[in-house]
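structure here, sequence nowhere to be found:
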């Protein structure tokens, strides 16, 4: 990755109705060769950002740069950005080859060169020989591949993908995730990818920008996002999460004590808390909760009652009642010593101060 | 075409108390001011006298609907007001019931009906009611000098401006020949030859570029009123009504008028023959025919009605006598439409007329 | 993959089982549409076929003048009429006079030889009193009976199955010997009108497309609330009587009408040389385009509504400018709508008659006006049927051509 970003959003705002902002003061750099995913629930502003970048929606305020050039006033067809749409948007009246040749044709490329490129692109997505078919004669996954090939055939620096796998079934979706990731790695093209599916984001991305309410909540590589969420929204949105609410009682350096509603103190890592007396949400991943832990090894230890056991093969998903909450989930590894747990049992659970993150309320 | 259906209920029927059980007859006519004159002069008094009902429908002329009803054996109409050529043709083709003139009441002066009716105003299947005429009219407020003869209508140099003409050869070819100097009495003789037809079309050619064509009787007064044409052929009653009821400054030129008859006919198999025949007797008696003339300027076909023709129904000083096509003053150069000529030559002349139009 | 080699399937048996299973469903579906099918047959297809048959079949003369018909069948149409033929005519006329059918005979022969109607009606009145030899007594009543053309016309009329009406619909005529000949130049009208009908319908279709396409595009791209409102405006003409609309155009376009008044007011034309915008072809084109516009807009709108904006966006992202994106990507996808709209407008236009009758003047009337004329005025239903048949054949040919070029399954009506 070079030090100069390929795309830069600078103080970008967007409003459709002149009253509410769907994108609020967005600042984001996309590095060359990066696979960056915009992740968020619907209405969070991620697609709007993509459309502004593609040129289909004007920014209400702020500037977007591509290769250091401001592009607010550059029409979409001059931006040279490839795009893959949610419904593929393959032109139904053209054959697959004609679809792929379209961007080359409008660039006045010679027929021979164009054919060479089209064939290469079809081979890349393992659809060599499908050139004469109509899009409607292809399966969903094949159409998806054609759409990707078409967005890449004219060698753009940047490819945008707007929930491209949303219409596929689960198996195909996972397969396509790997294929797209593979193509990205092979070609070294920069990809900005929009999805609301967190596992898709985690699988494919170099970095993920989590959107909510028009604001990027956190921009980080997948592992950091999961392991070290900056706020309660990200913690809740990415992966499974146990929430505990309480008040900050002591705050010292990176650590704090939060007293929960039941009065029990919980030792946690202070990530996103202000000062003593503030409300805080504690975030704890289910796999970091230990059953019958060694008392000297953990800072937090409580008694809990087992409410429900769900057998999932490699682990047992256990719902317990803890600190006044009955939706506390623990993932218990499927090992011999835990197999004896039954519903209604009282067990001891505990976790490290390090694993419990005190976040904003 | 949509039919306007009016049911005229017998308001006084019960009070007067008739012996007959009430019948409902369907009478079909041309609509507008003309139907209104029939309703006022015939329908209402008949309903009051007999306690029967009348359903009044409008149509646009022609025998098509009668033919359809008779052919299908499902006759809905009891009486239809038709032109003479259709009356003759319908009779020849067996579409109409016969009606006996001797069954009609004598004239008020005692003359038997067969002699009281003007010659040719009844046939085996039809009883005449009125004489109407195709004339031409102009808007006096828009003309510098008044046209007076049929030749003036075809003279666009002296009287510049658009002409309204019915999109049909009937009456037009006759008028063209009269304008070209053929005496009324010889018109059909001339028109019976190929040269005569060509002569008529040649005369029509001289104004073809100035013509606005009309098809429905209501159009000509509207064209005049809108200033679309400076003069137009029209049915005399329509022009009269525009003058009498709407005070339009229209003038009728009677020179070269082509007059025709309207008659009652009964489709074969009419559902209420007896009541319908009773209506025919009632409506064509001396008084009723004269009464109709107070509503519209169409002349009664009974000689005995003529002296009884009075003034317009709501304008006592508007004497109807001189407004009639049959008034002596208006008949100086007049032509009766020759139904036989048209029965023989209609198809051919229609085609020729349409071809001429399309040229 | 299933290993098919291990499964022995008797193709025929399977097909039989499948058919059996499907038969039940199919017969149920058939029973459901049966009432409509019967209704269409009885109330639509049957009457149309029956009426169209009038164009080929005319039994009037043969049925009402049976003896004459038989006598004429022997005749070579060239030699002088024989005494038997005269006798047969007189005998038939006596019966026809009594049955009040002579008018129909007269009308029928008059179509082939104009001017003979009164020959029949007046001769029939005296037929009962005539005495042999009829070849002398009949011409004594009317000398026209010596005219061989009258007899030739009767021979033509006596054919029960005739191409005469279709020939007439194409400005031809059938001679007594069965040969065809072009109609006199003065009477050639149907081809002119057919061609004009096609021309007007084509122009109306083109105008509707030119005006309707942008409107449909606007409607399809606007937010639903605004587009619904505008759609009502487009449909408004539908909810107004055709007579009212046509009359409104008369008020607008006539010489003293609103449009001309405005043109004069703005000095674009002198007061004494106002434009002729109505009672001619221009008027027919304007009024028909207006009336038929919804037929174009609605199919276009429904097709355009179904085209996601992502197609044009995709084209632009691939480097196409606005024009290319529209022309290469958007427009081809609206072809089903264009096809449906154009076909609809054209076919409705080709049969239009109220508007041309009211505003057509002399060069704006169409073939339907003549058909209407023959239906209502001349009562020549046979010729009306033949003209209708010609029109139907033209529509079907166009439909076929359309199918070959665009494809019927490519059509989208809504």
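Cool, got the structure. Small disclaimer: the values here were computed from a predicted structure and weren't measured.

give me the nearest residue to the residue of the stretch 251-361 of chain A found nearest chain B, chain neighbours excluded.
The minimum distance from the stretch 251-361 of chain A to chain B, using Cβ to the nearest Cβ, falls at residue A:327 (72.8 Å). Where you see a C-beta, it was placed from the backbone N, CA and C, and this is true even at glycine. Closest residue to residue A:327 apart from its sequence neighbours, by Cβ to Cβ, 6 or more residues apart in numbering or on different chains: residue A:319 at 6.9 Å.

who's in contact with the longest helix seen in chain A?
Using DSSP state H, we find that the single longest helix of chain A is helix A:170-187. The contact list for helix A:170-187, computed with Cβ atoms under 8 Å, 6 or more residues apart in numbering or on different chains, reads A:35, A:124-125, A:140-141, A:144-145, A:148, A:152, A:161, A:164-165, A:168, A:189, A:191, A:200, A:203-204.

what residues of that helix count as buried?
A:173, A:176-177, A:179-180, A:183-184 (16 or more other Cβ atoms under 10 Å in any protein chain shown).

surely residue C:89 touches residue C:138?
Yes - counting by Cβ atoms under 8 Å, residue C:89 does reach residue C:138; the two are 7.0 Å apart.

more crowded one of the two?
It is residue C:89, of residue C:89 and residue C:138, that has more neighbours when counted by other Cβ atoms under 10 Å in any protein chain shown, with 27 against 23.

quick check: closest non-adjacent residue to the more buried one.
residue C:68 (5.0 Å).

buried sites along the helix or strand where that neighbour lies?
Using DSSP states H and E, residue C:68 sits in helix C:66-74. Of the residues in helix C:66-74, C:67-69, C:71-72 count as buried by neighbour count, 16+ other Cβ under 10 Å.

do the same with stretch B:105-118
Result for stretch B:105-118 [16+ other Cβ under 10 Å]: buried residues B:107-108, B:113, B:116-118.

what's in contact with it?
Applying Cβ under 8 Å, 6+ apart, the contact partners of stretch B:105-118 are B:101-102, B:104, B:122, B:127-128, B:131, B:281, B:285-287, B:301-305, B:308.

run a quick neighbour tally on residue B:150.
26.

which residues of the stretch 51-200 of chain C fall in helices?
C:60-64, C:66-74, C:83-98, C:102-112, C:117-127, C:134-141, C:148-158, C:164-169, C:190-221 (DSSP state H, counting those that start in this stretch).

kindly report the same for the stretch 151-300 of chain A.
A:170-187, A:198-204, A:222-227, A:232-237.

check the stretch 251-400 of chain C too.
Along the stretch 251-400 of chain C, the stretches classed as helices by DSSP H, counting those that start in this stretch are C:258-265, C:281-305, C:310-317, C:322-324, C:331-333, C:335-350, C:354-359, C:367-376, C:381-405.

quick one, which of the helices of the stretch 51-200 of chain C is nearest to residue C:266?
The closest of the helices of the stretch 51-200 of chain C to residue C:266 is helix C:190-221. By Cβ to Cβ, the value is 23.2 Å.

re earlier: which ones among the contacts of stretch B:105-118 lie within helices?
B:281, B:286-287.

please tell me how far the residue in the stretch 1-150 of chain B that chain C sits nearest to sits from residue B:344.
Closest contact between the stretch 1-150 of chain B and chain C, by Cβ to the nearest Cβ, is at residue B:92 (2.2 Å). Computed as Cβ to Cβ, to the nearest Å, the residue B:92 to residue B:344 distance reads 12 Å.

these two: who's more crowded?
Neighbours were counted for residue B:92 and for residue B:344 using other Cβ under 10 Å; residue B:92 has more, 27 against 23.

for the more buried one, grab phi and psi.
For residue B:92, the backbone dihedrals (degrees, to the nearest 10) come out as phi -60, psi -40.

which residues sit in contact with the residue of the stretch 251-361 of chain A found nearest chain C?
Residue of the stretch 251-361 of chain A nearest chain C, by Cβ to the nearest Cβ: residue A:313 (28.0 Å). Taking Cβ under 8 Å, 6+ apart, we find residue A:313 in contact with residue A:334.

ok but it is inside a strand, no?
No - going by DSSP: H, G, I helix; E, B strand; the rest coil, the assignment for residue A:313 is coil, not a strand.

burial count for residue C:21?
So residue C:21, with other Cβ under 10 Å, has 10 neighbours.

mean confidence for the helix or strand hosting it?
Using DSSP H and E, residue C:21 falls within helix C:11-40. For helix C:11-40, mean pLDDT is 88.

for stretch A:122-141, buried residues please.
Buried-residue list, stretch A:122-141, by 16+ other Cβ under 10 Å: A:122, A:124-125, A:127, A:130-131, A:135, A:138, A:141.

hang on, residue A:151 packs against residue A:85?
No - counting by Cβ under 8 Å, residue A:151 does not reach residue A:85; the two are 9.0 Å apart.

name the residue in the two with the higher neighbour count.
Using other Cβ under 10 Å as the criterion, residue A:151 and residue A:85 rank with residue A:151 on top: 28 against 22.

buried stuff in stretch B:326-334?
For stretch B:326-334, by 16+ other Cβ under 10 Å, it's B:326-327, B:330-331, B:334.

state the phi and psi torsions of residue B:170.
According to degrees, to the nearest 10, residue B:170 has phi -60, psi 140.

returning to what we had before: just the closest of the buried residues of helix A:170-187 to chain B, please.
Proximity of the buried residues of helix A:170-187 to chain B (Cβ to the nearest Cβ) peaks at residue A:173, which lies at 62.8 Å.

and the gap between the closest one and residue A:26?
Taking Cβ to Cβ, one finds residue A:173 at 28 Å from residue A:26.

residue B:93 too?
Applying Cβ to Cβ, the value for residue B:93 to residue A:26 is 88 Å.

quick check: which ranges of the stretch 51-200 of chain C have low pLDDT?
Within the stretch 51-200 of chain C, not a single segment meets pLDDT under 70.

OK, now which residue of it is nearest to chain A?
In the stretch 51-200 of chain C, the residue that lies nearest chain A is residue C:198 (29.4 Å; Cβ to the nearest Cβ).

so that residue touches residue C:346, yeah?
No - between residue C:198 and residue C:346 there is no contact under Cβ under 8 Å: 9.0 Å.

neighbour count for the two, which is higher?
Using other Cβ under 10 Å, the more surrounded residue of residue C:198 and residue C:346 is residue C:346, with 22 against 17.

surely the more buried one touches residue C:203?
No - contact criterion Cβ under 8 Å: residue C:346 and residue C:203 do not qualify, at 10.4 Å.

pull the contacting residues for residue 166.
Here I'm looking at chain A. A:86, A:195, A:197.

chain B, not that one
B:134, B:172, B:213-215, B:233.

just the residues you listed that are near chain C?
Among the contacts of residue B:166, proximity to chain C is found for B:213, B:215 (Cβ under 8 Å from any Cβ of the partner chain).

what two of the contacts of residue B:166 are the furthest from one another?
Pairwise over these, using Cβ to Cβ, the maximum falls at B:134 and B:213, 14.4 Å.

give me the buried entries from the contacts of helix A:170-187.
So, by 16+ other Cβ under 10 Å, the buried ones in the contacts of helix A:170-187 are A:35, A:124-125, A:141, A:144-145, A:148, A:152, A:161, A:164-165, A:168, A:189, A:191, A:200, A:203-204.

go through those residues and flag which are in strands.
A:35, A:161, A:191 (DSSP state E).

now those in TSV, please, with extra columns for pLDDT and distance to chain C.
Formatted as TSV, these follow (pLDDT from 0 to 100; distance: Cβ to the nearest Cβ, whole Å):
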residue	pLDDT	distance to chain C
A:35	92	19
A:161	91	11
A:191	92	14
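
with distance to chain B added, can I get those residues in JSON lines?
JSON lines is the format used below for those (distance: Cβ to the nearest Cβ, whole Å):
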{"residue": "A:35", "distance to chain B": "71"}
{"residue": "A:161", "distance to chain B": "62"}
{"residue": "A:191", "distance to chain B": "68"}
